[in-house]
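A.B. asks: build me a model from this:
(one chain, ligands or ions: 1)
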Amino acid sequence: MKYPCDTVKDLLPLYHDDVCSASSRRIVEEHLSECPACKKTIEKLNNETYTEQLREEKDAVIGHYAKKARRKSLLAGICAALGLTVPILVTLIVDLATSRKLDWFFIVLTGIMTIASPVVVSLTLKKNRALVSMAAATACLYALIAAIGQYASAAYWVPALIITSVTVLFAWLIFITIRYMKVKGMVKAYVSAALALAIPVAITMYVNYFTARALTWSLIVLAGVLLLGCVLAALFAAARVIINNHKKGGRA
Ligand SMILES: [Zn+2]
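C.D. replies: Below you'll find the model as predicted:
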């Protein structure tokens with residue numbers, strides 16, 4: 001061998017990328033025909049390039065389908081939004097024609113928006129879909145409460161706002177638990193279930209206190225829900241054990 005391996009190894013990347021001079025190329029090729037170690041190195045370089053190419057092609061294909069899916073979802077979102085303007089427009093016309101002013105139109109409008117906004121948002125947005133859907137639904141829900149409030153007595157506001165806020169607060173806590181808490185899936189499931197069970201309890205306690213100035217029967221509801229929660233948690237844990245055992249048995 002005319003040249004030592006170290007010299008050839010310095011040239012190998014240039015040779016691989018086909019950017020070396022003709023004389024360097026000759027030196028490398030001569031050396032490769034005699035040296036198995038350097039031959040292995042160049043084969044490894046070729047393999048890595050191949051893997052990289054495969055990865056790039058795969059990413060391109062996935063990107064293409066993701067783009068296609070996004071376009072479809074955007075179209076569906078726009079169609080849903082347009083479709084929902086039909087009942088809103090009909091309500092607007094009927095309300096104006098029958099009462100000469102906008103009465104219950106705003107209730108229908110905010111009601112439809114509360115249900116539709118999460119769907120439309122999640123279909124049309126690219127990022128942060130869950131977060132924006134939740135925010136949109138929350139805003140529309142409060143608009144609905146305000147629209148109903150226009151036609152309700154003064155006694156409506158406090159209970160309506162408190163009950164809505166309690167529900168919204170727990171819904172957001174469940175959302176944050178599932179979306180952002182860095183804990184195991186199981187912990188998330190238990191925390192979310194506990195929060196979901198807390199909604200009827202909190203509302204019952206409030207209504208009970210509001211109507212009777214005491215927490216009489218809401219304590220019974222609380223005990224019942226706690227019992228139900230414990231039973232559900234135990235059943236859930238038992239089901240997990242059975243499933244895990246089944247999986248282990250399947251593997252053995
Ligand atoms: Zn060599």
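
A.B. asks: from Val201, how far off is Leu227?
C.D. replies: 12 Å (C-beta to C-beta, to the nearest Å). For glycine as for every other residue, the C-beta is placed from the backbone atoms N, C-alpha and C.

A.B. asks: neighbour count winner among those two?
C.D. replies: Val201 (19 against 10; other C-beta atoms under 10 Å).

A.B. asks: looks like that one contacts Ile220 (just checking).
C.D. replies: No - between Val201 and Ile220 there is no contact under C-beta atoms under 8 Å: 10.9 Å.

A.B. asks: give me the low-pLDDT residue ranges for this protein?
C.D. replies: 250-252 (pLDDT under 70).

A.B. asks: repeat the analysis, applying 80 as the threshold.
C.D. replies: For the chain, the stretches with pLDDT under 80 are 1, 103, 249-252.

A.B. asks: any idea which element the residue in the stretch 51-200 of the chain that the ion sits nearest to lies in?
C.D. replies: Here the stretch 51-200 of the chain gets closest to the ion at one residue, Thr51, 23.6 Å apart by C-beta to the ion. Using DSSP states H and E, Thr51 sits in helix 36-99.

A.B. asks: do the same with Ile162
C.D. replies: With DSSP H and E as criterion, Ile162 is part of helix 157-180.

A.B. asks: so which elements touch that helix?
C.D. replies: helix 129-149, helix 185-212 (3 or more C-beta pairs under 8 Å, 6 or more residues apart in numbering; DSSP states H and E).

A.B. asks: in contact with the closest residue to Ile148 other than its chain neighbours, which residues?
C.D. replies: For Ile148, ignoring the flanking residues on the chain, the nearest one in space by C-beta to C-beta, 6 or more residues apart in numbering is Ile107 at 5.8 Å. Counting by C-beta atoms under 8 Å, 6 or more residues apart in numbering, Ile107 makes contact with 144, 147-148, 151.
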